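Following is a predicted model, sequence given first.
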Amino acid sequence: MPNDTTNAQELTREQVQAILVRPLEARSVFLASGPRIFDVTHSGRVRIPRLTGMTAPGWHGEGEQITEAEASFDDVILLDGVASLKVITRYSNELARSSVVALDSALRDKLVTDVQAVLDTAFFAGDGAVNPANGLRAPVGLINYAGVQSLTGIGAINPDDILDAVGLLLAANVDPAKARIFMRSNVFIAVRKLKDGQGRYLLQPDPTADGVYRIHGVQVVVTNRLPQVAGASTVAVADMSQVAVARDMAPSVTVLRERYADTDEQGIRVVARYDAAPLNPDAVVLLEGVTAA
């Protein structure tokens, strides 16, 4: 008999992939924006090497000694002291019996929504603070990465501010065509309302893709996971291909049959670990103090 949630307490890797991992990657704004995802098969920390110093090739004639150059490396460390993301969803046995067909889809959507909400909040705005109760931390968010470029005191945003951010990316040899602009919905609407002297909207939809907007050729991604304090928020312009995500490939989905026996309920427990960090901090530009008006 094949394993499923009705006859096995621990789901197989294939079932976890179908229920949690693949839908999560599609629904999460951060994960769907193109970061480099590294799947790991152990619970320890992950080291991703990166080149920090460029070699200096020289011009040489025939038979001349070629100058040796030593490359310098450091590494980005992920999943170091990062807590696991855990959630339990309860449902009654009556619901399980009366909603056999729809229950799988409903539970999957609930699991994905819960995990996606917490992950995106951490990936965009997490401060990486250590929980004194267990000594572990959540992932550091995009707007709190160390060493990134920033423009401060923006105020009411306009397309020129985005162009300034694109200029910083170009100065750092980052391809703006691979970048994304992350902003809150109220900031997006404020930019969307901007018009030229003839009353035409400055921000036009991409004619090649439904629901996609671009500013100076850079795709806009709307997310309210970016925090807003006293009416001001941060807009991020980032090449997400230069951001790394470590995904612990041992996410576990367990059916809890006995814990809630006294209330005739069952539960589903989800455990997963993720972490993120920039491979190249110069590929992230933050526009700080942005207001919608």
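Sure, I can see it.

how close does residue 248 sit to residue 258?
According to Cβ to Cβ, to the nearest Å, residue 248 stands 27 Å off from residue 258. C-beta coordinates here come from the backbone N, C-alpha and C atoms, glycine included.

And these two? Which one has more around it.
residue 248 (22 against 9; other Cβ atoms under 10 Å).

Mind listing the residues bridging to that one?
Judged by DSSP bridges, the bridge partners of residue 248 are residue 40.

Ok, residue 156 next?
Counting by DSSP bridges, the residues bridging with residue 156 are residue 291.

can you pull the contacts of it?
190, 291-293 (Cβ atoms under 8 Å, 6 or more residues apart in numbering).

Would you mind listing which of those are buried?
For these, a burial check counting by 16 or more other Cβ atoms under 10 Å picks out 190, 291-292.

Spit out the contact partners of residue 280.
50, 172, 174, 239, 242.

If any of the residues you listed are buried, put those into a ChimeraX selection.
Those of these that count as buried under 16+ other Cβ under 10 Å are selected in ChimeraX with:
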select :172,174,239,242
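
Save the contacts of residue 280 as a markdown table, and put in secondary structure too.
Below are those laid out as a markdown table (DSSP: H, G, I helix; E, B strand; the rest coil):
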| residue | secondary structure |
| --- | --- |
| 50 | strand |
| 172 | coil |
| 174 | coil |
| 239 | strand |
| 242 | helix |
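
In CSV: the contacts of residue 280, plus distance to residue 88.
Output for the contacts of residue 280, formatted as CSV (distance: Cβ to Cβ, whole Å):
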residue, distance to residue 88
50, 38
172, 44
174, 42
239, 37
242, 36
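
List just the nearest of the contacts of residue 280 to residue 136.
Using Cβ to Cβ, residue 50 comes nearest to residue 136 of the contacts of residue 280, at 25.1 Å.

Chain neighbours aside, what residue packs nearest to the closest one?
residue 279 (5.7 Å; Cβ to Cβ, 6 or more residues apart in numbering).

wait, isn't the one you found in contact with residue 51?
No - with contact defined as Cβ atoms under 8 Å, residue 279 does not count as touching residue 51 (10.3 Å).

And the helices in the stretch 1-150 of the chain, which stretches?
Under the criterion DSSP state H, counting those that start in this stretch, the stretch 1-150 of the chain carries helices at the ranges 13-16, 22-27, 93-98, 100-125.

Can you tell me how far the residue in the chain sticking out farthest from the centre is from residue 48?
Most distant from the centre of the chain: residue 63, at 51.6 Å, with distances by Cα atoms, centre = their mean. To residue 48, residue 63 is 40 Å away according to Cβ to Cβ.

How about residue 68?
Applying Cβ to Cβ to residue 68 and residue 48 gives a distance of 26 Å.

Which of those two has more residues huddled nearby?
Neighbour comparison, residue 68 and residue 48: the larger count goes to residue 48, with 14 against 6 (by other Cβ under 10 Å).

what pairs with the more buried one across the strands?
residue 76.

Between which two of the contacts of residue 156 is the distance greatest?
190 and 291 (8.1 Å).

hmm, back to that, can I get the contacts of residue 280 in CSV with distance to residue 217 and pLDDT?
Shown next, in CSV, are the contacts of residue 280 (distance: Cβ to Cβ, whole Å; pLDDT from 0 to 100):
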residue, distance to residue 217, pLDDT
50, 27, 81
172, 17, 94
174, 14, 95
239, 13, 97
242, 18, 95
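
From the contacts of residue 280, pick the one nearest residue 201.
residue 239 (26.6 Å).

That closest one: what's its closest spatial neighbour, skipping adjacent residues?
Using Cβ to Cβ, 6+ apart, the closest residue to residue 239 is residue 283 (4.2 Å).

How many residues are close by residue 92?
Residue 92 has 13 nearby residues by other Cβ under 10 Å.

and residue 285, what is it in contact with?
148-151, 165, 168-169, 236-238.

Compare the helices of the stretch 1-150 of the chain and give me the one nearest residue 83.
helix 100-125 (10.1 Å).

List the buried residues in the closest one.
In helix 100-125, counting by 16+ other Cβ under 10 Å, buried: 107-108, 111-112, 115-116, 118-125.

Quick check: neighbours shared by residue 190 and residue 291?
156-157.

Now do the nearest residue to residue 125 once chain neighbours are set aside against residue 16, distance only.
Nearest residue to residue 125, sequence neighbours excluded (Cβ to Cβ, 6+ apart): residue 141, at 4.3 Å. Plainly put, residue 141 is 26 Å away from residue 16 if you go by Cβ to Cβ.
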